[in-house]
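J.: next comes the sequence, and after it the predicted model I'd like to discuss.
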Amino acid sequence: MLSSPKLVQQPSYFHSYPDSNRYASNDIWRPPPNDVDLRQDLTTTASIDNDHHILLLVKTSADTIWTRMPLHFLTTFTKLPNFAIYSDAADSIAGYEVYDVLANVSSDVMNSNAFTAYRQARMMRDQHSYAIPSTDGLSKLDRFKPLHMLLHAYQNLEKHNWYVLLDDDLALFPENLMDFVSSYNPGAEIYTGFPLAAFSNIFAGEKAGIAISHALMKKAFGIPSAAELVQQYTETSSKKESGDYLVSKYLNEVAGHSMDYDLADSKFQHEPIWAMYFNQYNWCKSVIGVGQSHPRHLEVLWEYQTVTKDKKKVRYVDLYNDFIKPYLPLQAYVNWDNFAQSEEYSWKADGMPSSIDQSKPYADFSKCVSFCENQPNCLMVRYDPYALQCGISTSVALGRTINQADYQRMDKEIDQLRQSSNTFQRSYRVPGEEIISFWFVDRIRLMRTQIPCDRIYRDARKEGMINGVYDQIEGWWLRAKQKFSDNNPIHL
């Protein structure tokens, strides 16, 4: 007669909700969250915030977390080590929990069509499927995140003086952020960032970072009804209302506080480095971050901070000198978009006339340039010969080259308008109709001589002469590129 086998108890854990929806998995080998600390020690010897002044609330998603977040652990978080990461799926990275910020929406919203992709991802997780679920459709849920992030952070995490909500593609300048918040009292109610306008309101855009003081967080999210109100605001909102707009709406209606846009003073900005606008108003001001940055740009800007740390503050003028000025051409650039759009004149805006008035700025490139030249503060031009559009600007931006996909995207509307009109014989762009950009470099330099923080203030000769021995004038790198071969190391 066989004896009963000796039972072997395998070390394992059964995770019930809510622990089952935490970290990267709920596998049986994983101890309960409070039993072991999996978080990798960060190299925080360079930390500038050891007193819990700032809590970063980083908004990521299942489709960007693995391309953007790892770099922040090697850069941003080494100087600002107090952070919380929020996504549309429970996860973990370097042992740090990534909170599923959508887990607490109501059952009605959870079962709606908008959450189909989210439910499928949760189902695959619960079935222990190791296939990576599709992230298609999750980006549409972004508007639900910011308010739930702020609520969770205030009610569940250690209290801080400042709560800074940002997207995972914001390249922060930590010293500038610390300097900014240190200028204000967290005991005062403050809500600020890059001002945007929608629905007759001004609100702070999350792509540039949103800063909220402890006092305002307490007033807005420290009340007993906060969770119910957050549900109400996010779930009754329209699809046109973005998450950062809902933050403003909530703070205004629940806490009676509108955006303090005067405090931002151009320091928050949401454009990538090549689309940033530089002008006499922001030239001498510090920059808190560069928005919509590719992971490569996150790294480049981190290295830039390291190399220029003796400057203490990174200002617009610094970014112009190092990222824009060397590559700003003296001649027109074809197939290049410099985003000149302070004012725009076009065939479409004129009502799509059947014949083109040749006196209009959009009639041809030379007319557009002449029109800008007649405006005393105009610094650059963007001309689209296919759309018949002339854009001018009183700011400077470098811009970028345009590829075929860009043209296909921007031409969809104008293709249809040309097809429905009797003005043109065709409704598609052909070679020779590429967008053209031009900069009035002499005017840009004149503006610089009038700004006290600029190196050529009152004396343009300080940057030498074009093609001279010491040529540091706009476009100097382009000229040096023609003069010297790539394998000839020089330091100008």
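T.: That came through fine. Source: prediction; values computed, not measured.
J.: so residue 206 sits in a strand?
T.: Yes. Counting by DSSP: H, G, I helix; E, B strand; the rest coil, residue 206 is located in a strand.
J.: which element, helix or strand, includes residue 14?
T.: Using DSSP states H and E, residue 14 sits in no helix or strand.
J.: one more: residue 97?
T.: Secondary-structure assignment from DSSP H and E places residue 97 in strand 96-100.
J.: what lines up beside that strand in the sheet?
T.: Under the criterion DSSP bridges, strand 96-100 sits next to strand 83-87 (parallel), strand 91-93 (antiparallel) in its sheet.
J.: could you dump it to PDB, C-alpha only?
T.: These are the backbone C-alpha positions of strand 96-100, laid out as PDB (Å, rounded to 0.1, in the frame of the first residue of the first chain):
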ATOM      1  CA  TYR A  96       9.300  51.600  -8.300                       C
ATOM      2  CA  GLU A  97       5.600  51.200  -8.500                       C
ATOM      3  CA  VAL A  98       3.800  52.700 -11.500                       C
ATOM      4  CA  TYR A  99       0.200  53.500 -10.400                       C
ATOM      5  CA  ASP A 100      -2.700  52.600 -12.500                       C
END
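J.: show residues contacting the helix or strand that comes right after it.
T.: Past strand 96-100, further along toward the C-terminus, the next helix or strand under DSSP H and E is helix 107-110. Outside of helix 107-110, the residues within contact range by CB atoms under 8 Å, 6 or more residues apart in numbering are 115, 118-119, 144, 235. To be clear about C-beta, it is placed using only N, CA and C from the backbone, and glycine gets the same treatment.
J.: which of those count as buried?
T.: 115, 118, 144 (16 or more other CB atoms under 10 Å).
J.: could you dump the contacts of helix 107-110 into a markdown table with distance to residue 210, pLDDT and secondary structure added?
T.: Rendered in a markdown table, the data for these read as follows (distance: CB to CB, whole Å; pLDDT from 0 to 100; DSSP: H, G, I helix; E, B strand; the rest coil):
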| residue | distance to residue 210 | pLDDT | secondary structure |
| --- | --- | --- | --- |
| 115 | 25 | 91 | helix |
| 118 | 24 | 91 | helix |
| 119 | 29 | 91 | helix |
| 144 | 16 | 94 | helix |
| 235 | 21 | 86 | helix |
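J.: which of the residues in the lengthiest helix in the chain are buried?
T.: Longest helix of the chain, by residue count under DSSP state H: helix 404-420. For helix 404-420, a neighbour-count test (16+ other CB under 10 Å) marks 407, 410-411, 414-415, 418 as buried.
J.: could you give the mean pLDDT of it?
T.: Average pLDDT, helix 404-420: 95.
J.: next: stretch 145-161.
T.: The average of the pLDDT scores along stretch 145-161 is 96.
J.: circling back: and the buried ones among the contacts of helix 107-110, which is closest to residue 286?
T.: residue 144 (32.7 Å; CB to CB).
J.: any idea how far residue 272 is from the nearest residue to the closest one once chain neighbours are set aside?
T.: On the basis of CB to CB, 6 or more residues apart in numbering, the spatially nearest residue to residue 144 that is not a chain neighbour turns out to be residue 234, at 5.0 Å. From residue 234 over to residue 272 the distance is 28 Å, taken as CB to CB, to the nearest Å.
J.: who's more crowded, these two?
T.: residue 234 (23 against 17; other CB atoms under 10 Å).
J.: check the secondary structure at the more buried one for me.
T.: Reducing the assignment to helix, strand or coil with three-state DSSP, the entry for residue 234 is helix.
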